[in-house]
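Engineer: what would the 3D arrangement of this be:
(one chain, ligands or ions: 2)
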Amino acid sequence: MTVSLAELLATARVVSLPLSTRFRGIDTREALLLRGPAGWTEFSPFVEYDDGEAAAWLRAALDFGWADPAVPAGAPTSIRVNATLPAVEPERVEAVLARFPGCRTVKIKVAEPGQTLADDLARVSRTRELLGPDGRIRIDANGGWNVDEAEHAIHALAPFDLEYAEQPCATVDELAHLRTRVKYMGIPIAADESVRKADDPLAVARAGAADLLIVKAQPLGGITRALRIIAEAGLPVTVSSALDTSVGLSMGAYLAACVPELEYDCGLGTAALLAADVTEEPLLPRDGAIGVRRVEVSERLLDEHAASTDRTQWWLDRLARVHAIVAND
Ligand SMILES: O=C(O)CCC(=O)C1=CC=C[C@@H](O)[C@@H]1C(=O)O
Ligand SMILES: [Mg+2]
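Structural biologist: Numbering: from 1, shown residues only. Ligands and ions are numbered 1, 2, ... in the order given. As a prediction, the model looks like this:
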């Protein structure tokens, strides 16, 4: 997809959205939005990512804004989503979950820097109490444990009935090792960073290091590329967000709609973690699901949440540098 930088700059808008709950160490989410011939699209690699890593996110933005996704006939028009619970104290679990009405699955952040396994146990225990025995609980450690710590933690958390453990360790080798160690507990291992931040997103599947993959549209270069990875991996997937605005979430919802079999609820309910969005009709979870649709942004909200002049310039400069990389594809 070749689109000139001038065409991108003509519609680019940068926003800074407050989060309702601190998540992955940030309180505001910055994003650059673009309008292509097919509709609004999003370029929002996290600010610490270098230009090489951000290139996949721009490919995704172009893929979604400059062509309509090829949704198969009979694809779902709404997608079941999980609640996403940041590493909050047990007293706050109920209030966070209230933002995800109807969700039967909760993904809980664990192994947060500065916290202990006791904090994780308290958070998971409170969640199980609120969800009841039929709800599904998955945990996400973002690679925060070594193999011994992960085995110990998963064993300690197993009585709360885990659907799976996402990226318990950082490397593919560790995941492979851990997977053999925890097999007897029957808790599947999911790979997230080992897919979206790897040079080869299929290496973890080839190594037999995971039971399922977390798949995100922006970091994997867009819907078409993500679907190819899913097909080649041959593993079940959870489609998840990158803490996008509702525009990026709509890209994720279309990806989910295109996946032939969705066994797991998708991590696409994260508009509920934003205290503001760019559209009057955000893709918030309702009855445990979000719709598969394009999102129209609101000029009023773009203005209200416009990033500062400095931050806007930073994003426009980043867009120009990353565009130069993608233009050479
Ligand atoms: O999967 C979900 O429930 C929501 C998305 C989510 O958890 C994440 C989004 C963006 C960045 C990540 O740190 C985080 C993740 O690790 O999965
Ligand atoms: Mg994750």
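Engineer: ok, the residue of the chain found nearest ligand 1 - contacts?
Structural biologist: Relative to ligand 1, the nearest point of the chain is Gly267 (2.3 Å; CB to the nearest ligand atom). No exception for glycine: its C-beta is placed from N, CA and C like everyone else's. Residues in contact with Gly267, defined by CB atoms under 8 Å, 6 or more residues apart in numbering, are 81-82, 84, 107, 214, 238-241.
Engineer: neighbour-wise, which one of the residues you listed leads?
Structural biologist: Scoring the contacts of Gly267 on neighbours with other CB atoms under 10 Å, the highest-scoring entry is Val81 at 34 neighbours.
Engineer: if I look at the closest residue to Tyr164 other than its chain neighbours, how far off is ligand 2?
Structural biologist: Leaving aside its chain neighbours, Tyr164 sits nearest to Pro188 (4.2 Å; criterion: CB to CB, 6 or more residues apart in numbering). Pro188 sits 14 Å away from ligand 2, going by CB to the ion, to the nearest Å.
Engineer: try Val14
Structural biologist: Relative to ligand 2, Val14 is positioned 25 Å away (CB to the ion).
Engineer: how about the helix or strand encompassing that residue and ligand 1, any contact?
Structural biologist: Per DSSP states H and E: Val14 is located in strand 13-23. No - on the criterion CB under 6 Å from any ligand atom, strand 13-23 is out of touch with ligand 1, staying 7.4 Å away.
Engineer: chain center to that strand: distance?
Structural biologist: How far strand 13-23 lies from its chain's middle: 15 Å, per CA atoms, centre = their mean, to the nearest Å.
Engineer: what parts of this structure come near ligand 1?
Structural biologist: Residues of the chain lying near ligand 1 (CB under 6 Å from any ligand atom): 24, 82, 84, 107, 140, 142, 192, 240-243, 267, 270.
Engineer: what number of residues lie near whichever residue of the stretch 101-250 of the chain sits closest to ligand 2?
Structural biologist: Taking CB to the ion as the measure, the stretch 101-250 of the chain has Asp192 as its residue closest to ligand 2, at 3.5 Å. Using other CB under 10 Å, Asp192 is surrounded by 23 other residues.
Engineer: what residues are up against it?
Structural biologist: Contacts here follow CB under 8 Å, 6+ apart; on that basis Asp192 touches 140, 142, 166-167, 213-214, 240.
Engineer: ditto for His323
Structural biologist: 5, 8, 58.
Engineer: Leu255 touches Gln218, doesn't it?
Structural biologist: No - judged on CB atoms under 8 Å, Leu255 makes no contact with Gln218 at a distance of 9.8 Å.
Engineer: which one's more surrounded, those two?
Structural biologist: Higher neighbour count among Leu255 and Gln218: Leu255, with 32 against 29, using other CB under 10 Å.
Engineer: and the helix or strand harbouring Thr84, does that touch ligand 2?
Structural biologist: Secondary structure from DSSP H and E places Thr84 in strand 83-85. No - shown here: strand 83-85 not in contact with ligand 2 (CB under 5 Å from the ion), separated by at least 9.6 Å.
Engineer: what strands flank that strand, and is each parallel or antiparallel?
Structural biologist: Its sheet considered, strand 83-85 pairs with strand 105-109 (parallel) by DSSP bridges.
Engineer: report the contact partners of the spatially most central residue of the chain.
Structural biologist: Residue closest to the average C-alpha location in the chain (CA atoms, centre = their mean): Ser241, at 2.4 Å. Listed by CB under 8 Å, 6+ apart, the contact partners of Ser241 are 216, 248-249, 252, 267-270.
Engineer: Leu130 contacts Glu91, doesn't it?
Structural biologist: No - using CB under 8 Å, Leu130 makes no contact with Glu91, being 11.9 Å away.
Engineer: which parts of the stretch 101-250 of the chain are helices?
Structural biologist: Using DSSP state H, counting those that start in this stretch, the helices of the stretch 101-250 of the chain run over 117-131, 147-157, 172-182, 193-196, 203-206, 223-233, 246-258.
Engineer: same for the helix or strand containing Ala95, what does it pack against?
Structural biologist: Using DSSP H and E, the element containing Ala95 is helix 90-97. The contact analysis (3 or more CB pairs under 8 Å, 6 or more residues apart in numbering; DSSP states H and E) places helix 90-97 against strand 83-85, helix 117-131.
Engineer: deepest-packed of the ones you listed, please.
Structural biologist: strand 83-85 (a mean of 28; mean count of other CB atoms under 10 Å).
Engineer: what about stretch 192-206, how long is it end to end?
Structural biologist: The straight-line separation of the ends of stretch 192-206 (CA to CA, to the nearest Å) is 15 Å.
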